[in-house]
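Colleague: Give the three-dimensional model of this entry:
(one chain, ligands or ions: 1)
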Amino acid sequence: MDIGRYLDNIDKKFTRKDKTKMKQYDYLIVGSGLYGAVFVQQATAKGKKVLVIDKRPNIAGNVYTEDIEKIHVHKYGAHIFHTNNKKVWNYITKFAEFNRFTNSPVANYKGELYSLPFNMYTFNKMWGVITPQEAADKIKQQKKEAGITEPKNLEEQAISLVGTDIYEKLIKGYTEKQWGRPCTELPSFIIKRLPVRLTFDNNYFNALYQGIPEGGYTKMVANMLNDSELSGSIEVRLGVDYLASADAKEELDSQAEKVVYTGAIDAYFDYKLGNLEYRSVRFETETLDTPNFQGNAAVNYTDAETPWTRIIEHKWFEFGKDENGDDIPKTVISREYSSEWKPGDEPYYPVNDEKNGALYAQYKELADAERKVIFGGRLGEYKYYDMDAVVAAALDCAANNI
Ligand code: UDP
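Modeller: Numbering: from 1, shown residues only. Now for the predicted structure:
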């Protein structure tokens, strides 16, 4: 297609329309997830009128939590808020009390259990090493045997960080299930998310601040949407699909001066340049008549054969849920199955490799030309964002635009 001509047409379209009508809202926010909620909060605090729409029947996007047996179930996957950004922490904690949850998943490799992230407990169990020096020597030796000097992909990056044994047992199977691609074809930045420590520290994140909002994320997002005295000026419409038809979109667009779009960027343009690739996740959630199924919030199944990547036991995200079941005699677990996204599925993870990066750059060019629309969040920016980075980006965007 001729991108130049397409961009000219967009310009004309908006110039014409914007002159004709007074708008009812300052902002139309498409998507009530974290990015949208931060932007709404900032906009309403400045007295702006906002319309929020979401195609789901509930607010909060993928951080949505639903109560089952008095347990906050992370319906769209486990979300643990963690950050080193004090500004973000100070901001988010205005909308919820956070508990002191520290993520320390366990890896299950064919019945052998290992501590995560990779630390002295992991190295001791894998090799019997006792001291940090012994662990460092073992990693160095395995890296040397593999002949890696400059890691070019995830496999090489992983081996240079932790050696071949840990790569084979704790990384390869899990990563290839999660991404549906060989580790040799995945970008190395993915594995750099995981700390490697020569200390006895099972905290998965290198983050100064960490926790889960008490009362669940849905309540936190609701507080953000209703934050301002002026929140009377915000309207939330659920079950509204912005991209259902060109007419519906045009009608919604015509009501607001600006649009903040947090859905998938390629969907916005009707996939006209081709599909970006995403990974989707299917959750099989079960309530069990036992107070304690696995003794931890997350257990990763790191072999290639087990079809799920991990099992989440939601009650352990909260503080003070005793394992004897005096409080809650049941438990709710979710098995996570990863799959390639296809139309109709929920997109979760952008596949940030070179091919998709190049296609995204083209979509970004189209997006930049949509003067009236801000694209934000994991899907709008096609970026494997953590929650704190989403909040920081939305705060920046609000500061620059409102
Ligand atoms: N990872 C791994 N083994 C594990 C956990 C994580 O190899 O037991 C690697 C894997 O490459 C994965 C990345 O770390 O894609 C990030 O995993 P995480 O579970 O933290 O991703 P999330 O779904 O939480 O964003």
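Colleague: Let me see the confidence value for Ile3.
Modeller: In this model, Ile3 is scored at 48, pLDDT.
Colleague: for Arg193, that is, sorry about that
Modeller: 83.
Colleague: distance of it from the ligand?
Modeller: Arg193 sits at a distance of 5 Å from the ligand (criterion: C-beta to the nearest ligand atom, to the nearest Å). For glycine as for every other residue, the C-beta is placed from the backbone atoms N, C-alpha and C.
Colleague: How much space separates that residue from Leu161?
Modeller: Going from Arg193 to Leu161 by C-beta to C-beta, to the nearest Å gives 11 Å.
Colleague: Neighbour count: these two, which is higher?
Modeller: The neighbour comparison of Arg193 against Leu161 (other C-beta atoms under 10 Å) goes to Leu161, with 20 against 12.
Colleague: Does that one lie in a helix or a strand, and which?
Modeller: helix 154-162 (DSSP states H and E).
Colleague: cool, Ser280 as well?
Modeller: Per DSSP H and E: Ser280 is located in strand 278-288.
Colleague: Over to Tyr363?
Modeller: helix 354-369.
Colleague: Can you list the strands that the following helix or strand past that helix pairs with?
Modeller: Counting by DSSP H and E, the next helix or strand C-terminal to helix 354-369 is strand 373-375. Neighbouring strands of strand 373-375 in its sheet, by DSSP bridges, are strand 256-261 (parallel).
Colleague: So for the helix or strand that the strand it pairs with is followed by, mean pLDDT?
Modeller: Next helix or strand after strand 256-261 toward the C-terminus (DSSP H and E): helix 265-268. The average pLDDT for helix 265-268 rounds to 98.
Colleague: just checking, what packs against helix 265-268?
Modeller: Where contact means 3 or more C-beta pairs under 8 Å, 6 or more residues apart in numbering; DSSP states H and E, helix 265-268 is packed against helix 354-369, strand 373-375.
Colleague: For Leu154, find the nearest of those.
Modeller: Proximity of the helices and strands packed on helix 265-268 to Leu154 was assessed by C-beta to C-beta; the nearest stretch is helix 354-369, lying at 13.1 Å.
Colleague: in the closest one, what counts as buried?
Modeller: For helix 354-369, the neighbour count (16 or more other C-beta atoms under 10 Å) marks Asn356, Leu359, Tyr360, Tyr363, Leu366, Ala367, Ala369 as buried.
Colleague: Which one of those is nearest to the ligand?
Modeller: Lowest distance from the ligand to the buried residues of helix 354-369 (C-beta to the nearest ligand atom) belongs to Asn356, with 15.5 Å.
Colleague: Report the separation between that closest one and Ala96.
Modeller: For Asn356, the distance to Ala96 equals 34 Å [C-beta to C-beta].
Colleague: what comes into contact with whatever helix or strand comes next after the strand holding Ser280?
Modeller: For strand 278-288, the succeeding helix or strand toward the C-terminus, using DSSP H and E, is strand 298-301. With contact meaning C-beta atoms under 8 Å, 6 or more residues apart in numbering, strand 298-301 is reached by 78, 103, 105-108, 116, 173-174, 308-313.
Colleague: Contacts only, for Asp345.
Modeller: Ser280, Ser339.
Colleague: element containing it?
Modeller: For Asp345, there is no host helix or strand (DSSP H and E).
Colleague: mind listing what's buried in stretch 257-264?
Modeller: Buried residues in stretch 257-264, counting neighbours by 16+ other C-beta under 10 Å, are found at Lys258, Val259, Val260, Tyr261, Thr262, Gly263, Ala264.
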